[in-house]
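In: just need the structure, nothing else, for what follows:
(chains A and B)
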Amino acid sequence: MSEYEKVLLKNVGKPNSRQLATYVEGGGYSGAKRALEHTPDDVIDVVKRANLRGRGGAGFPAGVKWTFLPKDREVTYLCVNADESEPPTFSNRVLMEEDPHQLLEGILIAGYATQATVAYLYMRAEFTEQYHIMQKAIDEAYEAGYFGKNILNSGYSLECYIHRGAGAYVCGEETGLIESLEGKRGWPRIKPPFPAIQGAFGKPTVVNNVETLANLPHIVNRGADWFLGIGPEGSSGPKLFCISGAVKKPGCYEGAMDFSVRELIESDRFGGGMRDGLKVKAVMPGGISMGILTADELDMKMDFSDPAKYGLLGLGTASAIVIDDRTDIRQVLRNVARFFAHESCGQCTQCREGTSWMYKMTNRVERGLGRMQDIELLGEIPAKMGMMPGLSICGLSDGAAFAISTIVEKFRSELEDYVRNENDDAVRIALEIAN
Amino acid sequence: MAKIILNNQEVETREGIPVLQAALEAGLNVPHYCYHPGLSVVASCRLCLMEMKMPHPKTGELGWAPKLMPSCQTPVRDGMEVRFDSDKVHENQERCMEFFLLNHPLDCPVCDQAGECHLQDYSYHFGKSESRMVDQKHVTPKKDVGPRTLLYSDRCVMCSRCVRFCDEVAGTGELCITNRGSKAEIDAFPGKPLANPMQGNVVDICPVGCLLDKDFLFQQRVWFLKSADSICTGCSTGCSIRIDQNEDHVHRLKPRFNPRVNQWWMCDEGRFGFKYIHDKNRLTRLKLRRGESFESLRWESLAETVRYRFEDVAKKQSDKKIAVVLSPFMACEEAWLLVKTIREVAPEATLVLGPVPTVEQDERFPVGATNGDTKFIIRKEKCPNRNGIELIIKHFGGNTETFDAFVEQAGAGEFAAAWISGGYPTEWVSKDFAKAAGKIPFKVVHDLFGSALTDEATLVIPACSFAERDGTFVNATGVVQPFARAIKPPQGCKRDGQFFYELAELEGLYQSPTVLGMMAAEIDEFKEVYVPPQLPEHQH
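Out: Model prediction:
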């Protein structure tokens, strides 16, 4: 783990960090000014060279995403994905609460690079306080001329609005977000056409995550080489990590992507070790939909490439939930299944029916009424629902499948032990009652 | 045109149509719920997934892509290769069918859809015999979503066809999806029941037994129904329909695909407007006036009686006129045979088109549609064949008169005899007309129901409804379309075409195509008859 100087969180903890004056004092909006002095293609170029991979979960390079926009477009929309809903992720929240102008500067840079006319900040419904903070910051930015017509005399104009969601995980999927933004049910769209061609209101649209955009002022200011110099190849740049669960110092931390899950838990810079003498039983290192690690797999590096080696879907939101050895894995399983059954939008058959079936089963298994077949099925259904490549319109089903299948696969013997020690009569009676 | 390789065989199809459509047209039974050619593509049921050859992202080599693609959403491109017969595709179909049935109540014995249900069919062809879910099923309620329709949401497969129909075709948007995930249900917006004039179509396009027609509910098991291809007589649009009957009782009308007229749809007015055909008050007795009262006449004597009486009037009262009032509910063949007969015995007879029931204006769908984006029109003319009858009248020429002029002249006593055909499903004889008709000494009235006209008629001929007849209608846009008979006429009636045939002194049984052939030899418009193409066997 290398030495690291905070970039994204450097204003956190400063007095009045939410105010424009504080932000400008620390060099704020200089990146935007610099960007406006160059051509949009220059900005895209530097972001592409920096290989800024999307921080929302999929890790798709942001600069490349922008180049998918058609050349002859008339209107472009920028959607900022602040529907942060992945359990246990709260890094966007910290960014918006503590340093809203950093995000707004990122929005301005991304807007300029893509020549967007309107930026929609899509915030999840539960962000109430954060909504007021962001709205206040936007008002301040408008007043200072960072939004509106002819920004800083550059001839470029950008309007910025907040749109508040109605509380659905699936609206964090970019096309679900766009549907919701348009006032419709948050059902992900079939692709193609991709949002870059036909997005919000039928116009070319770019959807970027809050953390991705927060990186932009620094890339523009310090250059692509600085960005590439942080962390390993393919996973460069500053990154936020969340850690929660049975650690001494749960919270949101910043670092390069050059350390392991073990370090994330143990290091004083991050989690500070397990509390109350508890031991690690399992870790979900990238939000729950990426899958689970056992205590033996803590050497996984928190970067974009290593998780696949441990059977995980990816780095995800780089937010770890640490599960201690007191926890019954059946509860974890049930809780995860419940989340996906509750959040499946209901559009595609596999995901709609598969998630709720698994929830029913895990619920029963948790109550001590499981059967061996249930464990077999819990291994089989995720595969049926489709896992990379998925069978459904969006990736929610893949996420649900990874989360549950990795738990069942890696903790199979524990689950089987529980089932073996059950009272067979109770299981039989319970099933008779159910039917 | 495009050539694609489908299951290892080269198939000719059309560039840009969904691969699913091309596969169905090629005769493949590809299971699908959400896809309907008349609605937008949502690709949500995931049943029609296929394997497709794509270039490898790194090597560029063409090979089967690891991801299954929705065939409903993938357009046909010349030279593409797809397959539906691989294990991977079959496995997905089997999995999907298991998922669809997880929470389904399996109440086929009391379900109206049983027998024409795509859950049953697909389950049989592509699914498993039993469910592996042992937990309690999630039960969603049965709902009364509108005056004519029930929604049993526990049978729903969430294909959203009904919602899209209301949004995209009817343009009224009453239906929506509430709740999320496996708890999602179709529902009507509070205070806005499903009551648009085209709502019956949602029952047709529902691939399962979720949306039910209250009118047909529990009336008949569908496997007892026998069908005939007919044309709706509700308005001049002339929708292609299917009459479903059992034991000479019509149970329901369903739209038939017709790309030139009604696409896949029909309106409620037409769909439920057939009830009069089983009305107890229909005329069922051929009767001739003797003084104040009527006596029965044998059908065998009809031709002779009619010909003799009209000839007699034409000869003896040559100073007065003879009228033939043709109804816009008659088939072209019937009108042609009738006019031919009367003109033979009374060459000067005046041809009159009967009243054309009309409301204020056409109804266009989606609601608010203008010419370009109209998907369906309920026309203001509430009869099927004004255009056809006008063609016949124009062809015979000679003395013709509008109905209003005829009423006026009849009132002035200018007519000595008249043949008046009705066949309107509702009351059509106005007071003025009845009064004027009173001045015509010899009247043959051919109608479905009794009226002031039949009371004073010399000869009353019971007519048949459209379900009992066959022939040809010409719709509002001039499309000449044949329709077939579905049921026998009620006891005492004789099929109109048959007695007109006998009236014209033609030998044998009336066959509408034969008569149409005779007409086509004289009238160019009847040379081309439009029969819509059959939908592919596995399309629904």
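In: separation between whichever residue of the stretch 101-250 of chain A sits closest to chain B and residue B:365?
Out: Nearest residue of the stretch 101-250 of chain A to chain B, counting by C-beta to the nearest C-beta: residue A:190, 4.6 Å away. From N, CA and C alone the C-beta is placed, and that goes for glycine too. Noted for residue A:190: a distance of 26 Å to residue B:365, by C-beta to C-beta, to the nearest Å.
In: same question, residue B:72
Out: Taking C-beta to C-beta, one finds residue B:72 at 24 Å from residue B:365.
In: and if you look at residue A:65?
Out: 41 Å.
In: what does the domain assignment say about the chain?
Out: All of this refers to chain A. Domain assignment for chain A by automatic domain parsing gives A:20-228, A:239-324, A:329-434.
In: not quite, go with chain B.
Out: Here the domain parsing of chain B from automatic domain parsing is B:2-96, B:105-121+B:133-224, B:287-357+B:385-525.
In: which other helices and strands contact the strand or helix carrying residue A:374?
Out: Using DSSP states H and E, the element containing residue A:374 is helix A:372-385. Under the contact criterion of 3 or more C-beta pairs under 8 Å, 6 or more residues apart in numbering or on different chains; DSSP states H and E, helix A:372-385 touches helix A:349-366, helix A:396-410, helix A:412-420.
In: average pLDDT for the second one?
Out: The predicted model assigns helix A:396-410 a mean pLDDT of 94.
In: ok, the first one next?
Out: What helix A:349-366 shows for mean pLDDT is 95.
In: name the helices or strands packed onto that helix?
Out: helix A:329-343, helix A:372-385, helix A:396-410, helix A:412-420, helix B:87-101.
In: thought residue B:4 was touching residue B:78?
Out: Yes: at 7.3 Å, residue B:4 counts as touching residue B:78 under the criterion of C-beta atoms under 8 Å.
In: who has more neighbours, the two?
Out: Neighbour count, other C-beta atoms under 10 Å in any protein chain shown: between residue B:4 and residue B:78, residue B:4 has more, with 21 against 11.
In: ok, back up a step: between the helices and strands packed on helix A:372-385, which one is nearest to residue B:188?
Out: Nearest to residue B:188 among these is helix A:349-366; the distance by C-beta to C-beta comes to 21.3 Å.
In: starting at the chain centroid, how far to the closest one?
Out: 24 Å (C-alpha atoms, centre = their mean, to the nearest Å).
In: now the angle from that helix to helix B:87-101?
Out: Between helix A:349-366 and helix B:87-101, the angle comes out at 60 degrees (axes from the mean of the first three to the mean of the last three C-alpha atoms, to 10 degrees).
In: low-scoring stretches of chain A, by residue?
Out: Within chain A, no range satisfies pLDDT under 70.
In: strands of that one, start to end?
Out: Assigned strands in chain A, in chain order: A:77-82, A:118-123, A:159-164, A:205-209, A:239-245, A:251-255, A:280-284, A:293-294, A:319-324 (criterion: DSSP state E).
In: next, the angle from the third one to strand A:77-82.
Out: Looking back up the chat, that one is strand A:159-164. Using the same axes, to 10 degrees: strand A:159-164 against strand A:77-82 is 40 degrees.
In: what pairs with strand A:159-164, and is each one parallel or antiparallel?
Out: Its sheet considered, strand A:159-164 pairs with strand A:118-123 (parallel) by DSSP bridges.
In: what's the answer for the shortest one, then?
Out: Using DSSP bridges, strand A:293-294 pairs in its sheet with strand A:280-284 (antiparallel).
In: now do the strand it pairs with: distance to the chain's middle.
Out: 19 Å.
In: before we move on, what about stretch B:410-427?
Out: 30 Å.
In: so which bits of that stretch are buried?
Out: Neighbour counts over stretch B:410-427 (16 or more other C-beta atoms under 10 Å in any protein chain shown) mark B:410-411, B:414-425 as buried.
In: kindly report the same for stretch A:379-399.
Out: Result for stretch A:379-399 [16+ other C-beta under 10 Å]: buried residues A:381-382, A:384-387, A:390-399.
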